[in-house]
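J.: the following comprises the amino acid sequence and a computationally predicted model.
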Amino acid sequence: MITIEEKLKLFTKIVYDKVDKENQIVVENFNREYGNVVEQKKQEFIKEANAMSIQSKKSIEKEKLHIGSNARTEAKKIIMEKRMEIFEETIEELINYAKTFTETEEYKEMFFRDFRNAFLEMDKDSNIDVYLTQRDLLRFKEEILSILNGKAAEFHCNEEITGGFIILDVNRNIKIDMSLLSRIQNSKDYIGQKLFEIL
């Protein structure tokens, strides 16, 4: 004879088995109906993620190229600015050297050699203007007048020329510029080229 307790256990087992079987059927039906959907959605998400990854890589690569290009441009700009700074400092140093050079005996010899040659270019009947520094006018006026040999000349002081002189043939409108500043200015291209070769 079966006790009530055993009957309850048996009944419970039957109910559990039935629920389990029904659940199993529901799960199988769900997997059949929606399992493919889940897998399909999973594949779609994977594709989207890959596409985003590829797009992201492209964006990163594009940004990298952009940053690299900007960096190269900025580097060239900095190098060019530095070269110009060094170039301007070099010109300034040359002008300062030219001022120091005017104190030497070599400068004096060069001044008179150049002045004699320039004077030979002037028309004998022309009036001439001579531009030079105040210091050179005081130091060299007598010797300049000797070279002019009685020819009329008007003297003008110009401190900007640094040293040397400018002679102007007033009648023929001819100008001979033998100033140190002009020599430096005329050599700028050569100085810049040599300087940039070094840099």
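T.: Happy to help now that I have it. Note that this is a predicted model, so its numbers are computed, not measured.
J.: going forward, measure contacts between C-alpha atoms and count neighbours the same way
T.: Noted.
J.: how does this protein divide into domains?
T.: For the chain, automatic domain parsing gives the domain ranges 1-101, 104-198.
J.: now the ones you listed in TSV, with mean pLDDT?
T.: Putting the domains of the chain into TSV (pLDDT from 0 to 100) gives the following:
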stretch	mean pLDDT
domain 1-101	70
domain 104-198	89
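J.: out of those, which is the most enclosed?
T.: domain 104-198 (a mean of 15; mean count of other CA atoms under 10 Å).
J.: next, the distance between the ends of it.
T.: By CA to CA, to the nearest Å, the extent of domain 104-198 from end to end equals 30 Å.
J.: distance from that domain to the middle of the chain?
T.: Put simply, domain 104-198 sits 38 Å off its chain's centre (CA atoms, centre = their mean, to the nearest Å).
J.: try stretch 103-113
T.: 41 Å.
J.: Provide the contact partners of it at residue level.
T.: Residues outside stretch 103-113 that contact it (CA atoms under 8 Å, 6 or more residues apart in numbering): 101-102, 144, 164-165.
J.: after the longest helix along the chain comes which helix or strand?
T.: The residue-count maximum for a helix in the chain (DSSP state H) belongs to helix 36-101. Later in the chain than helix 36-101, the nearest helix or strand by DSSP states H and E is helix 105-120.
J.: tell me the spacing between the residue nearest to the spatial centre of the chain and residue 90.
T.: Nearest to the mean C-alpha position of the chain, by CA atoms, centre = their mean, lies residue 77 at 0.7 Å. Distance, residue 77 to residue 90, using CA to CA: 20 Å.
J.: ditto for residue 198
T.: 13 Å.
J.: same thing with residue 165?
T.: Taken as CA to CA, the span from residue 165 to residue 90 is 23 Å.
J.: same question for residue 135.
T.: 25 Å.
J.: go on, residue 172?
T.: 37 Å.
J.: try residue 40
T.: 74 Å.
J.: same thing with residue 148?
T.: Distance from residue 148 to residue 90, by CA to CA: 36 Å.
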